[in-house]
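*Asks:* sequence-free structure coming up:
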């Protein structure tokens, strides 16, 4: 007979209690290898998943499971106060427009993938659109826990771990 845990967190970790249903949404902006892993792992973690890709030709080779919603821009119908928006390509010409759209929503968290050793192109893209410094500062970069991730799957894991830490008000991430 299996040991029954009285602590709900332990009971969940041991599969004795189902995970509490959440209202979390993970929005990956731009179809990329990182986005594929981010959305796959995000779904496994209980997020509702949305891929935002303005160029529909770019999603032809992207796996599209039933649970994945597709959109051409970030909008309030899914980017509400429970949504985490992760931009997975900082070199796309649509960067400024899609970040601007995300900033117009109540998204809980917005971040752009990129190395802290390189210029942050989203800053110039947002300033060119006339956004103020408060809006620019709302965008996190770099994203994820500093674990030295290099592969798309590792970047996705580091990003999700950082989002979970932030959501749970834990000090686990985003400081480099």
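*Replies:* Right, received. Where do you want to start? No experiment lies behind these values; they were computed from the predicted model shown. Residues are numbered from 1 along each chain as shown.
*Asks:* ranges for the strands of the chain?
*Replies:* 25-29, 48-52, 68-71, 83-87, 109-112, 139-140 (DSSP state E).
*Asks:* now those in a markdown table, with mean pLDDT, mean neighbour count and distance to residue 15?
*Replies:* C-beta: built from backbone N, CA, C; applies to glycine. Converted to a markdown table, the strands of the chain look like this (pLDDT from 0 to 100; neighbours: other CB atoms under 10 Å; distance: least, CB to CB, whole Å):
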| stretch | mean pLDDT | mean neighbour count | distance to residue 15 |
| --- | --- | --- | --- |
| strand 25-29 | 97 | 27 | 23 |
| strand 48-52 | 96 | 23 | 22 |
| strand 68-71 | 93 | 16 | 26 |
| strand 83-87 | 97 | 28 | 26 |
| strand 109-112 | 95 | 24 | 29 |
| strand 139-140 | 92 | 20 | 33 |
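*Asks:* so where's the chain shaky on pLDDT?
*Replies:* Scanning the chain for pLDDT under 70 picks out 1-3, 5, 8-13, 17-22, 173-176.
*Asks:* got the contact list for residue 58?
*Replies:* When contacts are counted by CB atoms under 8 Å, 6 or more residues apart in numbering, residue 58 touches 30-31.
*Asks:* now do the contacts for the closest residue to residue 47 other than its chain neighbours.
*Replies:* Distance criterion CB to CB, 6 or more residues apart in numbering; nearest residue to residue 47, sequence neighbours excluded, is residue 26 at 3.9 Å. For residue 26, the contacting residues are 38-39, 42, 47-50, 83-84, 86, 160, 163, by CB under 8 Å, 6+ apart.
*Asks:* coming back round to it: as CSV, the strands of the chain with distance to residue 170 would be great.
*Replies:* Formatted as CSV, those follow (distance: least, CB to CB, whole Å):
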stretch, distance to residue 170
strand 25-29, 18
strand 48-52, 22
strand 68-71, 28
strand 83-87, 15
strand 109-112, 14
strand 139-140, 16
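*Asks:* and those strands: which comes nearest residue 132?
*Replies:* For these, proximity to residue 132 was assessed by CB to CB; strand 139-140 is nearest, at 12.3 Å.
*Asks:* would you mind pulling up the elements that that closest one packs against?
*Replies:* strand 109-112 (3 or more CB pairs under 8 Å, 6 or more residues apart in numbering; DSSP states H and E).
*Asks:* residue 27 and residue 147: what is the separation?
*Replies:* Between residue 27 and residue 147 the distance, using CB to CB, to the nearest Å, works out to 23 Å.
*Asks:* and the closest residue to residue 154 other than its chain neighbours, what does it touch?
*Replies:* In this structure, residue 154 finds its nearest non-sequential neighbour in residue 147, 7.3 Å apart by CB to CB, 6+ apart. Contact analysis of residue 147 by CB under 8 Å, 6+ apart lists 154, 157-158, 161.
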